[in-house]
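Q: Sequence plus predicted model, see below.
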Amino acid sequence: MSVGTKLDVLDTEGVWCKGEVKLVVDYGDKAPMLLIHYLGWDSRYDELICKTSDRVAPEGFYTSKNIPRYCLDLPEGNVRARVVYNDN
């Protein structure tokens, strides 16, 4: 994986999201760490995840399926994302 690679990423709440690699940190003899940006989210939610973690998967592997996902189209004044199935 390299900078710009799009991925599916399991967030800390247990929801698969679309993400992008912003930085690859190589520690030599250890597995590289990926700085992940969650697409559609503020950069304050970016996080380092090990490249070999079960929390990263190829783009679309999970997010293209009927699994819980965040609905980011929120009414004015609503600051909390909700989890939905499909795009309903």
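A: On my side now, so go ahead.
Q: in this structure, which segments are predicted with low confidence?
A: 68-88 (pLDDT under 70).
Q: Where does the residue lying farthest from the centre of the chain sit, in terms of helix or strand?
A: Ranked by distance from the centre of the chain (CA atoms, centre = their mean), the top residue is residue 29, with 25.5 Å. Counting by DSSP states H and E, no helix or strand carries residue 29.
Q: so residue 48 sits right up against residue 35, yeah?
A: Yes. Using CB atoms under 8 Å, residue 48 is in contact with residue 35, at 5.6 Å. C-beta: built from backbone N, CA, C; applies to glycine.
Q: contacting residues around the residue farthest from the centre of the chain?
A: Residues near residue 29 by CB atoms under 8 Å, 6 or more residues apart in numbering: none.
Q: And it, how far from residue 12?
A: Going from residue 29 to residue 12 by CB to CB, to the nearest Å gives 27 Å.
Q: One more: residue 35?
A: Counting by CB to CB, the gap from residue 35 to residue 12 is 15 Å.
Q: And the two? Which one has more around it.
A: The neighbour count for residue 35 versus residue 12, taken as other CB atoms under 10 Å, is higher for residue 35 (16 against 8).
Q: I'd guessed that one sits against residue 46; true?
A: Yes. Counting by CB under 8 Å, residue 35 does reach residue 46; the two are 6.1 Å apart.
Q: Next, show the common contact partners of those two.
A: Here residue 35 and residue 46 share the contacting residues residue 22, scored by CB under 8 Å, 6+ apart.
Q: what's the distance between the strand ranked longest in the chain and the middle of its chain?
A: For the chain, the strand with the greatest residue count under DSSP state E is strand 16-25. In terms of CA atoms, centre = their mean, to the nearest Å, the centre of strand 16-25 is found 6 Å from the chain centre.
Q: For that strand, buried residues please.
A: Under the neighbour-count criterion of 16 or more other CB atoms under 10 Å, strand 16-25 has 16-21 buried.
Q: gap between residue 63 and residue 30?
A: Counting by CB to CB, the gap from residue 63 to residue 30 is 28 Å.
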